[in-house]
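Chemist: A structural model of the following input is requested.
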Amino acid sequence: MGRVFSGEVASLILRKVGEKSSLEPGNQAWNVEVFSDVLRKLLGSSSIIVERLILKGLFSKLGLDFIEKEGYRLPDYIKELRESGY
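Modeler: Numbers count the residues shown, from 1 in each chain. Coordinates of the predicted model:
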């Protein structure tokens, strides 16, 4: 997330996620739906842009091409990645 936000903003978002969930980022079971929900509440419609930037970075690190799908949000892409073995 450091590539999308400054350290302070990233810390704020992660703190808000922590308030909504008892799980810490980095925990394998960390809930991406909670993260997406917090982004939407903090950023409104701009959250879609931020999610896209995060996803592009993630797909790039995995050596995959990011293909935007209509109606998909961050949790949908993460679910597909997990089901594909990533």
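
Chemist: low pLDDT regions in the protein?
Modeler: 1-7, 17-18, 20-30 (pLDDT under 70).

Chemist: ranges for the helices of it?
Modeler: Per DSSP state H, the chain carries helices over the ranges 7-20, 32-43, 47-61, 74-83.

Chemist: residues contacting the closest residue to Glu51 other than its chain neighbours?
Modeler: Distances taken as CB to CB, 6 or more residues apart in numbering put Leu74 closest to Glu51, at 4.2 Å, once the chain neighbours are dropped. (Each C-beta comes from the backbone N, C-alpha and C, glycine too.) Leu74 makes contacts with Val32, Phe35, Ser36, Leu39, Glu51, Ile54, Leu55, as judged by CB atoms under 8 Å, 6 or more residues apart in numbering.

Chemist: Save those as CSV, and put in distance to Phe66 and neighbour count too.
Modeler: Shown next, in CSV, are the contacts of Leu74 (distance: CB to CB, whole Å; neighbours: other CB atoms under 10 Å):
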residue, distance to Phe66, neighbour count
Val32, 16, 17
Phe35, 18, 23
Ser36, 16, 21
Leu39, 17, 21
Glu51, 11, 22
Ile54, 10, 20
Leu55, 6, 19
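
Chemist: I'd like the residues you listed written out as JSON lines, with distance to Leu14 added.
Modeler: Output for these, formatted as JSON lines (distance: CB to CB, whole Å):
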{"residue": "Val32", "distance to Leu14": "13"}
{"residue": "Phe35", "distance to Leu14": "9"}
{"residue": "Ser36", "distance to Leu14": "13"}
{"residue": "Leu39", "distance to Leu14": "11"}
{"residue": "Glu51", "distance to Leu14": "15"}
{"residue": "Ile54", "distance to Leu14": "13"}
{"residue": "Leu55", "distance to Leu14": "17"}
